[in-house]
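Asker: Turn this into a structure:
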Amino acid sequence: MSSAIAPPSASHAPHAANPAHFLLRRLHSLTGLIFSGYVVVHLSINATLLQGTSPDVFQTQVDKIHSLPFLAIIEWTAIYLPIIFHTVYGIYHGLAMRPNVGEYNYTKNWFYVFQRISAIILVVFLLFHVLTMKGVFGGEFGRELTFVPHAHATQSTFNHIKAAWWVTFIIYPIGLLAGTYHLANGVWTAAITWGLTISARAQRRFGYLCIGLFVFTTACAFGAWGKAVLSERKPIPEQAEYVDPNKSAIPSPSDVIKTGENVIRGEDKPLPSK
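Answerer: Numbering: from 1, shown residues only. A predicted model of the protein is given here:
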């Protein structure tokens with residue numbers, strides 16, 4: 001990586017002496033690191049799709065996640081709020097900056113341009129990924145894209161990736177590559193922002209680690225994508241019943257009472273089998 005850095009653009013100069021801007025930049029970097037940590041874990045779990053379904057390792061990992069207490073709070077704290085702030089402030093900051101690769105054709109300036117381009121792609125990709133996985137869109141196509149975590153996590157992931165040719169071969173390859181590049185380059189710039197890599201030598205050495213991070217996350221992402229591409233699409237039952245693997249097969253007192261009430265009302269239902 002070249003150590004030569006172009007002078008800041010004129011639009012950046014007024015922000016340099018602004019304390020609020022300084023704090024917001026640090027918060028922007030911090031939320032990016034928090035979300036980056038989540039993405040590394042997320043892609044690592046997705047890569048377990050490569051381990052097959054005998055046993056279904058990916059489904060096991062999904063079950064563990066959905067058994068966490070206060071899952072909604074964890075999602076909003078570690079995922080949604082950080083990425084919302086990071087995106088909004090990133091858009092504001094990006095509009096205020098002026099790329100100058102034409103005047104200063106340095107490697108770091110090109111990294112900056114690619115970071116901005118990948119950010120735009122990533123915003124669109126994340127909106128598509130999250131909204132379709134959550135089942136926001138209706139209809140048969142929307143159902144095909146919906147992620148079913150309980151008992152059908154693996155198959156619903158395969159169906160999601162293969163819902164349409166443009167989802168398989170355009171949305172995901174471009175979105176995944178933009179995401180892993182933005183993550184690795186963002187971690188590299190965050191180290192500079194926090195004063196961890198000041199010298200050109202330190203930045204170069206840390207750059208090698210970030211290249212390794214890019215290779216690892218890209219391998220995880222495209223490994224899972226490739227597994228989905230090579231897998232068969234299968235329909236998921238309309239009302240898929242989720243059987244909690246952690247629930248005891250021995251009937252609880254409440255089950256016994258409830259069954260007795262059913263017998264009295266003539267709705268005889270057997271106790272759960274042991």
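
Asker: could you pull out the helices for the stretch 1-150 of the chain?
Answerer: Along the stretch 1-150 of the chain, the stretches classed as helices by DSSP state H, counting those that start in this stretch are 13-16, 19-46, 57-66, 71-75, 81-96, 107-133, 139-145, 149-161.

Asker: Any chance of the ones you listed in TSV with mean pLDDT, mean neighbour count and distance to Thr189 as columns?
Answerer: Heads up, the C-betas are built off the backbone N, CA and C, glycines and all. What follows is the helices of the stretch 1-150 of the chain, written out as TSV (pLDDT from 0 to 100; neighbours: other Cβ atoms under 10 Å; distance: least, Cβ to Cβ, whole Å):
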stretch	mean pLDDT	mean neighbour count	distance to Thr189
helix 13-16	48	11	16
helix 19-46	94	16	8
helix 57-66	97	17	30
helix 71-75	93	11	26
helix 81-96	89	16	12
helix 107-133	93	16	8
helix 139-145	93	15	33
helix 149-161	97	20	31
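
Asker: Output these as TSV; include the columns distance to Gly175.
Answerer: Shown next, in TSV, are the helices of the stretch 1-150 of the chain (distance: least, Cβ to Cβ, whole Å):
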stretch	distance to Gly175
helix 13-16	30
helix 19-46	12
helix 57-66	20
helix 71-75	20
helix 81-96	14
helix 107-133	3
helix 139-145	14
helix 149-161	11
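
Asker: Of all those, which one is nearest Ala190?
Answerer: Closest to Ala190 of those, according to Cβ to Cβ: helix 19-46, at 4.8 Å.

Asker: residues in contact with Ile45?
Answerer: Going by Cβ atoms under 8 Å, 6 or more residues apart in numbering, Ile45 touches Phe58, Gln61, Val62, Ile65.

Asker: please redo it, this time with the cut-off set to 6 Å
Answerer: Gln61 (Cβ atoms under 6 Å, 6 or more residues apart in numbering).

Asker: what's the answer for the one 4 residues further on, then?
Answerer: Applying Cβ under 6 Å, 6+ apart, one finds that Leu49 lies in contact with Phe58, Ala224, Lys227.

Asker: how about 10 Å then?
Answerer: Contacts for Leu49 (Cβ atoms under 10 Å, 6 or more residues apart in numbering) come out as 56-59, 61, 153-154, 157-158, 161, 220, 223-228, 231.

Asker: Same check on Lys234?
Answerer: His152, Gln155, Ser156, Phe158, Asn159.

Asker: sorry, back to before: out of the helices of the stretch 1-150 of the chain, which comes closest to Ile170?
Answerer: Closest to Ile170 of those, according to Cβ to Cβ: helix 107-133, at 10.6 Å.

Asker: what angle sits between that closest one and helix 81-96?
Answerer: In terms of direction (axes from the mean of the first three to the mean of the last three Cα atoms, to 10 degrees), helix 107-133 departs from helix 81-96 by 130 degrees.
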